[in-house]
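got a sequence here, can you build the structure:
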Amino acid sequence: MERYQRLIGARVEAWCAALPEGGLYAPMAYLLRLPAKRVRPALTLMACELFGGKAEDVLDEALGIELFHNFTLMHDDIMDAAPLRRGLPTVHEKWGVNTAILSGDAMLVKAYQLMGKRPEVLELFGRTALEVCEGQQLDMDFERREDVRVGECLAMLHRKTAVLLACALRTGAMVAGAGTKDQERLVAFGEHIGLAFQLRDDLLDAFGDPANTGKQRGGDLRAGKKTYLLIRGLERAAENRTGMLREELTKRPEQRDVERMLTVLETLGVRDETEALVIKHHRMAFAQLMAVDAPEERKMPLIALADRLVDRVV
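Numbers count the residues shown, from 1 in each chain. Reported below is the predicted structural model:
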C-alpha cells in the first residue's frame, strides 16, 4: 500500500502545486492535502497492475477519482454542517459556504477533465458520479422517513459508497485492457468490499472504542441518521414488540439515551447480525477476486487492502 500511496501522493502534490493561487483553488488544495488513506485511487493503480499494466499509466484517472471523492466530501460537509474534517476546519468553515460550493463544483469539472482521455472510462465515470449523487439524495430522504426498509438502506449504501470503489477498480482494469468478464468480476469485488466497508463503519460508529476511533460512541444514533444498524434494529424491535428504540428516536438528539439504544441493538442481535453481514460480503468479494483471470501474486495487494478496510476492530 505504501508504494501506491507514494505514487498518488506525489501526483496529488504536483497537481495542487500547479493550481492558481487563491480563489476557487486554495480550498481544493487544502482538502486534498489533508491526511487521507486514498483508498480509491490506490484501487485504480492495483487493478491496472493486476492485468499487467503500469500504475504510472493510470495516475491521471486515479487522481480524477480522488478529486471526485473529495468533491463529494466538500459538499457533504456543507449538507451536514460539519465543523471539522479529519480534525481540521472544513472548507465551508474556513472559506464560507458559497466558496465551498463553487470550489466543489470546479473540483468536479477538474475530475471530468482527468477522466476524459478514454471515452469508455469517461462514460463509466459519468454513470458512477450520478449514482453517487442519487445515493446521497436517498440518504437525505431517509432522514425524513419513518418507514425505511433494510433493502432500501443497502441499495442506498451501494450507490453512495460501493459504486465508486467498483468504478475505481474497473477504470484501472480498462486502462490495462482487461476483458469484460474480468472487469465485471472486479466490479463485483469492489461492490461487496464497499458494502462490507460501510457496514463496518456503522459498527465502529456505534460500538467502537473512543480510544481507537477518536469519536464518541453512537454518533450516528445521536444524530438520528438512518444507518443499517438502526433500520434493522427498528425492524427487529417491531418483530419483538418492543418500542424502546422508537421511543428514544422521538426525543431530541441531546436527550436520547444512546447507551440504552446500543444495549437494545445488542439484545435484539443486530450487532451480531451486522457483523455476520460484513463477513458475508467480505467472503463474496474474495470469491469474485479469485475468479479473475490473473496471476495470484498480483491479487495480493487487493486482498491486503480489502482485509485492512473490513477487519478494523470495533
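
make it CA atoms for all contacts and neighbour counts henceforth
Fine.

skip the chain neighbours and tell me the closest residue to residue 284.
Closest residue to residue 284 apart from its sequence neighbours, by Cα to Cα, 6 or more residues apart in numbering: residue 192 at 6.6 Å.

what's the answer for residue 309, then?
Ranked by Cα to Cα, 6+ apart and with sequence neighbours excluded, the top spatial neighbour of residue 309 is residue 197, at 6.0 Å.

can you name the residues that contact the one you found?
Residues in contact with residue 197, defined by Cα atoms under 8 Å, 6 or more residues apart in numbering, are 278, 309-310.

one step back: what's around the residue nearest to residue 284, how many residues?
Counted by other Cα atoms under 10 Å, the residues lying close to residue 192 total 26.

kindly report the same for residue 285.
If we define neighbours as other Cα under 10 Å, then residue 285 has 25 of them.

equivalent analysis for residue 218, please.
Per other Cα under 10 Å, the neighbour tally for residue 218 reads 21.

coming back round to it: the residue nearest to residue 309 and residue 191: what is the separation?
Distance from residue 197 to residue 191, counting by Cα to Cα, to the nearest Å: 10 Å.

which parts of stretch 5-18 are buried?
Using 16 or more other Cα atoms under 10 Å as the test for burial, stretch 5-18 gives 5, 7-9, 11-12, 16.

wait, which of those is closest to residue 245?
Checking the buried residues of stretch 5-18 against residue 245 with Cα to Cα, the nearest one is residue 5 at 42.2 Å.

any idea how far residue 18 is from the closest one?
20 Å.

with residue 212 instead?
For residue 212, the distance to residue 18 (Cα to Cα) stands at 37 Å.

do residue 219 as well
Taken as Cα to Cα, the span from residue 219 to residue 18 is 38 Å.

give me the pLDDT for the residue nearest to residue 97 when sequence neighbours are not counted.
In space, and not counting its chain neighbours, residue 97 is closest to residue 78: 6.9 Å by Cα to Cα, 6+ apart. Residue 78 is assigned 95 on the pLDDT scale.

which residues do residue 197 and residue 191 both contact?
Counting by Cα under 8 Å, 6+ apart, nothing touches both residue 197 and residue 191.

outline the domain layout of this protein.
Per automatic domain parsing, the domain ranges recorded for the chain read 1-153, 179-314.

avg pLDDT for the last one?
Domain 179-314 comes out with an average pLDDT of 88.

restrict stretch 180-187 to CA atoms and write it as PDB.
Below are the C-alpha coordinates for stretch 180-187, written out as PDB (Å, rounded to 0.1, in the frame of the first residue of the first chain):
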ATOM      1  CA  THR A 180     -15.200  -7.700 -20.000                       C
ATOM      2  CA  LYS A 181     -15.800 -10.700 -17.800                       C
ATOM      3  CA  ASP A 182     -12.800  -9.900 -15.600                       C
ATOM      4  CA  GLN A 183     -13.900  -6.300 -15.400                       C
ATOM      5  CA  GLU A 184     -17.300  -7.400 -14.200                       C
ATOM      6  CA  ARG A 185     -15.700  -9.700 -11.600                       C
ATOM      7  CA  LEU A 186     -13.600  -6.900 -10.300                       C
ATOM      8  CA  VAL A 187     -16.700  -4.600 -10.200                       C
END
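
would you mark the buried spots in it?
For stretch 180-187, burial by neighbour count (16+ other Cα under 10 Å) applies to 182-187.

how distant is it from the center of its chain?
Mean C-alpha position of stretch 180-187 versus that of the full chain (Cα atoms, centre = their mean, to the nearest Å) differs by 20 Å.

run a quick neighbour tally on residue 98.
Using other Cα under 10 Å, residue 98 has 11 neighbouring residues.

remind me which residues of the stretch 1-150 of the chain are low pLDDT?
By pLDDT under 70, the stretch 1-150 of the chain has no low-scoring segment.

which residues of it fall in helices?
Applying DSSP state H, counting those that start in this stretch to the stretch 1-150 of the chain gives helices spanning 2-17, 25-32, 39-50, 59-80, 91-95, 97-115, 119-143, 150-157.

could you pick out the longest helix of this protein?
For the chain, the helix with the greatest residue count under DSSP state H is helix 180-207.

and the angle for that helix with helix 39-50?
If you take axes from the mean of the first three to the mean of the last three Cα atoms, to 10 degrees, helix 180-207 sits at 150 degrees to helix 39-50.

tell me what angle helix 180-207 forms with helix 150-157.
Using the same axes, to 10 degrees: helix 180-207 against helix 150-157 is 110 degrees.

how about residues contacting the next helix-or-strand element following helix 180-207?
Toward the C-terminus, helix 180-207 is succeeded by helix 210-213 as the next helix or strand (DSSP states H and E). Applying Cα under 8 Å, 6+ apart, the external contacts of helix 210-213 come out as 204-205, 216-217.
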